[in-house]
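1. Take this sequence and fold it.
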Amino acid sequence: MSISDEHGRLVAEMPAVQRLSISERLLLARRRRLEQVIRYEQRLHRHADTSATCSTRRHQSVHFTTAVSLQDTVRRHDIDEGHVIPYLS
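-> I've put the predicted structure just below:
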């Protein structure tokens, strides 16, 4: 459920909540907080599962050919870096 969906649901529910007694509002708030914590823990668990598979990808480097590096240097007008890049053979 997206934040905007949840917000719309809460706004629509406000008249009914305003008619509740204080003790009923507290019970409702506790139940919602428990649901929120459960959703958060589920999201953390899913993130931990996906980050374990993605962690190997983060450590891989991207290497460009000399031609691509030279094109990027020319695009940025970086004369000093252009002297460092070996000439194309």
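2. Only C-alpha atoms from now on, for both contacts and neighbour counts.
-> OK.
3. can you give me the helices in this protein?
-> Here the chain has its helices, by DSSP state H, at 3-18, 22-58, 66-75, 79-84.
4. Where does the prediction get shaky in the protein?
-> 1, 51-59, 79-89 (pLDDT under 70).
5. Spatially central residue for it, please.
-> residue 47 (9.8 Å; CA atoms, centre = their mean).
6. Of the helices of the chain, which stretch is the most buried?
-> Most buried of those, by mean neighbour count (mean count of other CA atoms under 10 Å): helix 66-75, with a mean of 14.
7. Which strands and helices lie in contact with that helix?
-> helix 79-84 (3 or more CA pairs under 8 Å, 6 or more residues apart in numbering; DSSP states H and E).
8. The same query, at a cut-off of 6 Å, please.
-> For helix 66-75, there is no helix or strand it packs on, judged by 3 or more CA pairs under 6 Å, 6 or more residues apart in numbering; DSSP states H and E.
9. domain parsing for this structure?
-> 3-58, 62-89 (automatic domain parsing).
10. chain center to the longest one: distance?
-> This means domain 3-58. Here the centre of domain 3-58 is set off from its chain's centre by 17 Å, with CA atoms, centre = their mean, to the nearest Å.
11. how near is residue 33 to residue 6?
-> Distance, residue 33 to residue 6, using CA to CA, to the nearest Å: 13 Å.
12. Over to residue 67?
-> 51 Å.
13. Equivalent analysis for residue 39, please.
-> The value you get for residue 39 to residue 6, if CA to CA is used, is 13 Å.
14. Same question for residue 25.
-> 18 Å.
15. What of residue 75?
-> Applying CA to CA to residue 75 and residue 6 gives a distance of 47 Å.
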